[in-house]
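> Next come a sequence and a model predicted from it.
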There are 2 protein chains.
Amino acid sequence: MIKRGKKVWVGFDLGGTKMMATVYDDAFRAKASAKAKTPVNAGPKAVLARIRETIAEALQEAKVPPSALAGIGVGCPGVLDLDAGVILEAPNLGWKRVPLRALLVSWFRCPVALANDVDAGTYGEYRFGAGKGARTLVGVFPGTGIGGGCVYAGKLLRGKTGSAMEIGHLPIREHGRLCGCGKRGCLEALAGRLAISAEVAQAAFRGEAPYVAANAGSDLKKMKSGLLAKAVKAGDVAVERIIRDAMRLMGRAIGGVVNLLAPDVVVLGGGLVEAMPRLALEEVRIGLKETAMTTLAKQVKVVEADLGDDATTLGAAALAADAAKK
Amino acid sequence: MIKRGKKVWVGFDLGGTKMMATVYDDAFRAKASAKAKTPVNAGPKAVLARIRETIAEALQEAKVPPSALAGIGVGCPGVLDLDAGVILEAPNLGWKRVPLRALLVSWFRCPVALANDVDAGTYGEYRFGAGKGARTLVGVFPGTGIGGGCVYAGKLLRGKTGSAMEIGHLPIREHGRLCGCGKRGCLEALAGRLAISAEVAQAAFRGEAPYVAANAGSDLKKMKSGLLAKAVKAGDVAVERIIRDAMRLMGRAIGGVVNLLAPDVVVLGGGLVEAMPRLALEEVRIGLKETAMTTLAKQVKVVEADLGDDATTLGAAALAADAAKK
């Protein structure tokens, strides 16, 4: 139960498959959480209704009176207009031009801050996790794509109206593979989980990855991080090779980011890293040394993210609190 | 003549071949300048003496009483420790661990701010030139190498003790050409002026660049930006081709920077761009579109630098004034 007069914050993580609301007290200790599946196929209205319910459920469980709710922070996928509080386009959700901030304000009568989901996660790691106290923190979260964020001198680096740090779309190979963004040779097209899965599926098809063939056939949808990690453990050498190559390439790209931003900490997170942290960090460090300038490579630590799924809700809640201070 | 009670600032540009001091009034209007060659071969002490003389000469010409000198800003090459005010290593000058700030303070009895030379130039363009009013400005200055800078929300993006934005060392090609920094496939090794000159020299050697062969033989030292521009004008098609390819590659790398920093303005400057602005901008814009995400490419303007050689002294003087305000 939250005491009278104390402020609470809600951090919300809006994903394409699931969503989570966590209620935090004013020291950012979690008081209650609620999770739900994202009913993407039922359309935008159903998703919005589910968001409202999930937040309400978390608040109820934490026994927060409406007057104690100081603000809501939301980590969102897609292209945002942060100034307007609108999700311009989120392919994962099938959304176009959804004024999420205004809707949440009308439902919960409190200030609402939107952020890109990877930015929120990066900020969470900066404030409460593996990047605490960094001067310049770069967060890299390989998932289906490869997301990135940067906290510089205490603030998230942002574009004019939306996110910046599209690390997944750094050009890595001239005339390289086609990327979902329409360009060629992006990091994500070469080393994202979808790209890895496609290579693994080929290996399975050719009989070079027996564990994968037996447990997932050649269906990309089944080749999630957990399965890939199990395949590596089970001795699918080709799978290990594919993942190591991808992580090393990611390290090379991160080395380029190091040359631009001179971070003191790089935090690696996301499903693939959580499933195989040692392997991922090992290869990223090797790749980074191949491309980062010697003096800058020496100044940077590459570490694993600390907060897992809580990074986004924590970061979003903290961003809401920051916005309220202004 | 500077009136009593008015403040003046000195901006100093310390280069490997020449140096320049300019005196600015408190509205950053140039009052007097002094130039000198940098006597690198005579050793560090001779260079330091020449710096002192050149600044003193500019002050004398502007008739500035010592009491009116509010501060000196210096754009320096090499690796700096900005917090300590020390040039750690400047290969162009043959310097190691020179406490330039302390020396200037002892000579001129005023606050002194050091900055990386490209950072100073970028800041000059941001405050007074082609990048005025930008939210996020990226400056790219191809010279012998390829320097970069970024002003974000009014401030230069910096590393912990030195410069950041080493655009010349973005990894462009796996297994690519060896770079001066010791890594392979850096942008600078593929598209810097030295790389261009080496390709042009080969073309001249093979008889494919008659203007260059007649006017510079195959000596890289003679293949400066002005000569290359003349060769293009004179019809050395191979030279034009080499430069266009290099500029397009630079544009591809800048597209990657756009995906990270989402700038609204990219300023291109430096000798090569000044000598062939149309050609350079054309190819950079094409290259940028090949790699920058569509929404981010639409938000960015690529423009030519406005201030030429004055960008560095102006930016350095403005940085000195900023530092004095703190």
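Sure, I can see it.
> hmm, stretch A:315-326 in reach of chain B?
No: contact of stretch A:315-326 with chain B is not found when judged by CB under 8 Å from any CB of the partner chain; the minimum separation is 14.2 Å. C-beta coordinates here come from the backbone N, C-alpha and C atoms, glycine included.
> ok, the residue nearest in space to the middle of chain A to residue A:279 distance?
For chain A, residue A:118 is the residue whose C-alpha lies nearest the centre (CA atoms, centre = their mean; 3.7 Å). Going from residue A:118 to residue A:279 by CB to CB, to the nearest Å gives 22 Å.
> before we move on, what about residue A:172?
Per CB to CB, residue A:172 is found 20 Å from residue A:279.
> Of those two, which one has the most company?
Looking at residue A:172 and residue A:279 with other CB atoms under 10 Å in any protein chain shown, you find the greater number of neighbours at residue A:172, namely 26 against 17.
> The more buried one reaches residue A:192, doesn't it?
No: the pair residue A:172 and residue A:192 does not pass the contact test of CB atoms under 8 Å, sitting 11.3 Å apart.
> Give me the residues contacting stretch A:38-47.
Stretch A:38-47 has contacts (CB atoms under 8 Å, 6 or more residues apart in numbering or on different chains) with A:14-19, A:50, A:92-95, A:98.
> Report the contact partners of the closest residue to residue A:128 other than its chain neighbours.
Of all residues beyond its chain neighbours, the one nearest residue A:128 is residue A:314 (5.4 Å), with distances taken as CB to CB, 6 or more residues apart in numbering or on different chains. When contacts are counted by CB under 8 Å, 6+ apart, residue A:314 touches A:11, A:22, A:24, A:28, A:124, A:127-129, A:307.
> Give the phi and psi angles for the residue in the stretch 201-326 of chain A that chain B sits nearest to, as a check.
Across the stretch 201-326 of chain A, no residue is closer to chain B than residue A:262, which sits at 3.1 Å (CB to the nearest CB). Torsion angles at residue A:262 (phi, psi; degrees, to the nearest 10) stand at phi 50, psi 50.
> Count the residues that sit near it.
Tallying neighbours of residue A:262 according to other CB under 10 Å, which is how burial is gauged here, yields 27.
> nearest residue to it other than its sequence neighbours?
The shortest distance from residue A:262 to any residue that is not its chain neighbour, by CB to CB, 6+ apart, is 3.1 Å, and that residue is residue B:159.
> So residue A:111 versus residue A:101, what's the distance?
9 Å.
> Please identify which of these two sits among more neighbours.
In terms of neighbours (other CB under 10 Å), residue A:101 is the more surrounded of residue A:111 and residue A:101; the figures are 22 against 17.
> Chain A: strands as residue ranges?
Listed in chain order, the strands of chain A (DSSP state E) span residues A:8-14, A:18-24, A:30-37, A:69-76, A:79-81, A:86-90, A:95-98, A:112-116, A:136-142, A:146-152, A:155-156, A:265-268, A:301-304.
> Return the residues in contact with the closest residue to residue A:176 other than its chain neighbours.
Spatial nearest neighbour of residue A:176, excluding adjacent residues (CB to CB, 6+ apart): residue A:185 at 2.5 Å. Contacts for residue A:185 were tallied using CB under 8 Å, 6+ apart; they are A:171-177, A:179, B:291.
> again, only using 6 Å
Neighbouring residues of residue A:185 by CB atoms under 6 Å, 6 or more residues apart in numbering or on different chains: A:171-173, A:176.
> Let's have these in a markdown table, adding pLDDT.
Output for the contacts of residue A:185, formatted as a markdown table (pLDDT from 0 to 100):
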| residue | pLDDT |
| --- | --- |
| A:171 | 96 |
| A:172 | 95 |
| A:173 | 94 |
| A:176 | 93 |
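> I appreciate the help and will end here.
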